Each structure stands twice: as C-alpha cells, then as structure tokens.
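Quick one, fold the following:
(one chain, ligands or ions: 1)
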Amino acid sequence: MKILKKTKPRIFKVGFDNKISVKDFGKIYLKNHEQITFMDDNHEYDFGKKDWGYYSTPSINGRLKNNQFQVYLVKNIHGKIYLMTVKKSKIKNFENYCSTDHQKILFRLDNFKNEYEIIDALKNFIKKDIFCKKFSCLKNNQYLIDFYLYNKPPKGEPDYKFKRYKRKVVKCQNCGHFFGIHNLINIKNFYKTSYSSISHGKNVYKKFEKINNLKSNSDNYQRVERFVDFFHKQKNKKLSLLDIGSGICVFLSKLKSKTNWSLTGVEPNIEMANFGKIQLNLNIHHGNFNKNIFKRKKFDIITLNKVAEHIKNPKVFLNLVRRKLTKNGYIYIEVPDGYTASNQANGKSREEFMVDHFHIFSLNSFYNLLNTCGFQIQKIDKIVEKSGKYTLFAFCKKI
Ligand SMILES: [Zn+2]
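Here you go, the predicted model:
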C-alpha cells in the first residue's frame with residue numbers, strides 16, 4: 001500500500017447549490033488483496049482491492065447491517081445514481097441532506113434476506129413511481145392528501161368576485177406535487193378579461209414603469225440576467241424566440257436591448273397585447289397559445305415565465321410547445337416552488353398557492369413533467385426571487 005498525503009488539502013465545492021466544501025487529502029494505492037478500514041467511533045467500513053476491482057462495501061445485508069449501517073440507492077436531479085451507506089442513528093441527518101441537496105432516496109437495500117425479495121420490492125417501487133413519472137399522480141389517488149382547504153380567499157389574493165369560494169390544494173406524497181382543485185376558473189376567458197385588470201392593476205403603462213424603476217430589484221431583471229448568461233454564446237446569432245404569456249412585455253423589451261434575436265410574444269389579454277405592440281413596438285400576437293397558432297413557424301427558444309402553473313393540463317401544453325420548437329430548440333420555464341413555499345409558516349396564504357395556480361411543483365415533479373414531455377434538462381435550480389416568490393426554473397433542450 002502507498003499513501004500520498006497532501007499537506008494542504010485541495011478544497012472544492014459540491015452539491016446542488018455548490019454550498020458544500022470537500023477537502024481532498026490525497027491518494028491511497030492498494031495492491032490486490034489489500035484493504036483499508038475507515039473508522040468513525042466504533043463503526044467500521046472496509047474497502048478492499050482485488051485483481052478485478054474493488055469490494056466497495058462489506059455485505060449489505062450482513063456485516064454492514066450488523067455494524068448499524070443502512071444502505072440506500074439515491075438519485076440526484078440529473079438522474080445520476082449513488083450508493084450511500086448511512087448510520088442507523090443518523091437517518092434524520094441523511095434525510096435532511098437528501099432534501100437540501102435535492103437527492104431522491106430511491107430504495108433501501110439492506111433489508112432483504114435474498115435477491116428475490118429485492119426484485120419483488122423493486123417491482124412494487126416501479127408501480128409506486130409510475131404515475132408520478134408520467135406526471136399523472138391524480139390518476140393514482142392513494143398518495144394524495146388534502147393539504148390546504150379554503151372557504152374564502154386567503155389574505156393578499158386579488159378579489160376575482162367568485163361566487164361560493166371553495167377550493168383545496170392536494171399533495172402527492174410520492175413526488176411532492178401540489179394540485180389546485182376547484183371549478184372557479186374558466187381558463188378560456190379568465191386571462192382574457194378579469195385577470196389582467198384585477199391582478200395587474202388597470203393602468204398597464206404605470207405597471208410597466210413601476211417594474212422598470214425597480215431595476216436590478218425586479219424579478220424580470222434577474223430573469224434576463226440568468227437568461228442572457230445561459231445563452232451568452234448565442235447572443236449575436238439570428239435566433240427566434242417566442243414568449244408565451246408575454247404580459248406587459250418587461251421580459252421581451254429587456255431582451256430586445258440585449259440580443260439580436262427575432263422576438264415574438266403571445267398574450268391573451270388585449271390591453272397588454274396592444275401595449276406591447278403599440279407602445280413598445282414588439283411583435284405580439286393577441287390570443288391563446290394553441291396548435292393553430294403561427295401555422296408552420298417554429299422557434300429556436302420558447303420561454304414560459306410563470307405560465308405552466310395556470311394551465312389545467314401542463315403535459316398537453318408542453319407537448320404542444322415542444323412541437324413548435326426547431327430541432328435542438330430550447331425552452332426556459334419558471335414555475336412556483338411548492339416544497340419551499342409549503343415549509344413557510346404562512347404557506348397557505350402565500351402567492352404560490354393562490355387560486356389561479358392549478359399546479360405547484362416540487363423539484364421532483366418539475367423534473368418528471370419536463371422529462372415526460374421530451375425535454376432534456378440542461379440546468380435546473382430553485383431560487384428566492386426579489387419579490388419573495390419561491391421559484392423553480394429550468395433550461396431544457398428538445399430531444
Ligand atoms: Zn406524484
């Protein structure tokens with residue numbers, strides 16, 4: 001055995017948000033049939049070298065188990081799978097680690113007498129996950145629980161003058177997705193009429209100015225920074241971009257000043273669409289995004305800023321978005337982060353759970369939706385926006 005110890009460890013950052021510092025102290029070279037033992041209190045963990053490779057663990061259902069360890073298969077947000085050995089007394093720490101680092105515990109491996117029991121358990125595991133993978137948790141209601149019940153609008157929700165206000169938010173305990181359940185909103189008309197003036201205030205121009213005056217303190221400023229940073233190599237190329245639900249066009253007007261792209265917006269509200277067209281001289285199409293729009297035209301990038309949560313079936317919607325993309329086209333998508341919002345003391349009355357959101361996501365369900373609609377995730381993250389909103393965003397490539 002040979003040890004190369006670094007006098008000064010190499011320090012590097014790992015984890016979902018690069019907040020964990022790892023110190024690398026060097027290298028150990030083992031010859032065949034040599035082994036080393038890692039020690040922590042009285043727990044030991046052997047690591048042996050053979051002429052074919054490594055014994056990376058002692059027996060999972062024998063020595064490790066007797067040594068008070070449990071073994072788990074864990075998957076990170078990019079689909080990479082890891083084997084983790086966990087002290088029985090530290091399971092809570094392990095669960096916290098997986099939660100903050102957005103790793104999903106797939107499967108416990110040490111609790112089986114033989115391989116047949118593992119195979120049976122895996123089959124059940126697949127059955128449990130299959131609906132969430134397809135973003136169809138509502139079809140399999142055994143994991144659904146009532147999470148929030150509302151008999152009146154929560155504080156801060158705009159007054160849409162609904163008669164008999166009654167709604168609930170249910171949660172899928174398997175993937176962490178939240179569904180807004182009610183019949184209060186007729187989507188076809190809601191965004192065309194009452195929504196914009198009630199939710200955004202009557203004067204579109206004033207609203208636009210107000211957001212612009214916030215400068216770097218606006219969600220849109222941060223969004224454009226994030227966006228231009230991701231596409232910095234394509235900034236001067238001739239790309240076409242479609243912004244679905246372009247609203248008062250703060251995003252598009254900022255992008256116009258930073259890129260050479262051909263920009264288009266689609267917006268169901270006539271006042272907002274006209275404002276973008278006339279006041280800002282942008283190419284805005286008035287109407288709902290549907291399969292008949294833009295005929296055969298396809299776009300290199302489609303952006304969906306806080307749109308998918310307003311749609312009853314985001315799977316159908318994203319499949320349509322995908323069809324409007326060029327080969328290797330990209331989407332940028334933002335949705336509300338239900339996991340973080342629901343962990344706040346005032347979760348129930350937070351903006352993320354308001355009546356116009358039919359879907360409030362977990363990283364897991366966001367990942368499942370994008371994947372099942374044929375997108376490869378290039379970058380995914382959770383953020384706290386300047387306005388205080390908890391948001392998940394992703395840049396994805398069409399596959
Ligand atoms: Zn689910």
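
isn't K134 right next to T372, touching?
Yes - if you go by Cβ atoms under 8 Å, K134 and T372 touch, sitting 5.3 Å apart. From N, CA and C alone the C-beta is placed, and that goes for glycine too.

List the contacts of N76.
Listed by Cβ atoms under 8 Å, 6 or more residues apart in numbering, the contact set of N76 reads 16, 82, 101-104.

how about low-confidence regions in the stretch 51-200 of the chain?
Within the stretch 51-200 of the chain, the stretches with pLDDT under 70 are 188, 191-200.

residues in it within reach of the ion, list them.
132, 137, 172, 174-175 (Cβ under 5 Å from the ion).

Can you tell me how far E271 is from the ion?
38 Å (Cβ to the ion, to the nearest Å).

how much space between that residue and G247?
As for E271, its distance to G247 is 11 Å (criterion: Cβ to Cβ, to the nearest Å).

residue boundaries of the strands in the stretch 51-200 of the chain?
53-55, 69-75, 81-87, 104-108, 144-150, 167-172, 178-181 (DSSP state E, counting those that start in this stretch).

Now render those strands as CSV, adding mean neighbour count.
Below are these laid out as CSV (neighbours: other Cβ atoms under 10 Å):
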stretch, mean neighbour count
strand 53-55, 11
strand 69-75, 19
strand 81-87, 15
strand 104-108, 16
strand 144-150, 15
strand 167-172, 21
strand 178-181, 21
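
burial of I126, as a residue count?
10 (other Cβ atoms under 10 Å).

for the one 5 residues further on, same thing?
The criterion is other Cβ under 10 Å. On that basis, F131 has 20 neighbouring residues.

Contacts only, for it.
F131 touches 137, 139-140, 174, counting by Cβ under 8 Å, 6+ apart.

Looking at these, which one is closest to the ion?
Nearest to the ion among the contacts of F131: C137, at 3.1 Å, using Cβ to the ion.

The closest one: what's it in contact with?
C137 neighbours (Cβ under 8 Å, 6+ apart): 131, 143-144, 172, 174-175, 177, 179, 365.

Let's have those in a markdown table, adding distance to K386.
Shown next, in a markdown table, are these (distance: Cβ to Cβ, whole Å):
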| residue | distance to K386 |
| --- | --- |
| F131 | 36 |
| Y143 | 35 |
| L144 | 34 |
| C172 | 30 |
| N174 | 33 |
| C175 | 29 |
| H177 | 26 |
| F179 | 28 |
| S365 | 25 |
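
residues of stretch 375-382 that come out buried?
375, 377, 380, 382 (16 or more other Cβ atoms under 10 Å).

which residues sit against that stretch?
16-17, 77-78, 102, 230, 318, 322, 330-331, 337, 340, 363, 366-367, 370-371, 390-399.

let's see 6 Å
Residues from elsewhere that reach stretch 375-382, judged by Cβ atoms under 6 Å, 6 or more residues apart in numbering: 77, 337, 370, 392, 394-397, 399.

Buried only: go through these for me.
77, 337, 370, 392, 394-396.

which residues does F178 form a beta bridge with?
K171, I360 (DSSP bridges).

just Y55 next, same as before
G48.

my guess is it contacts K49, does it?
No - counting by Cβ atoms under 6 Å, Y55 does not reach K49; the two are 7.8 Å apart.

how near is N32 to W52?
Distance, N32 to W52, using Cβ to Cβ: 9 Å.
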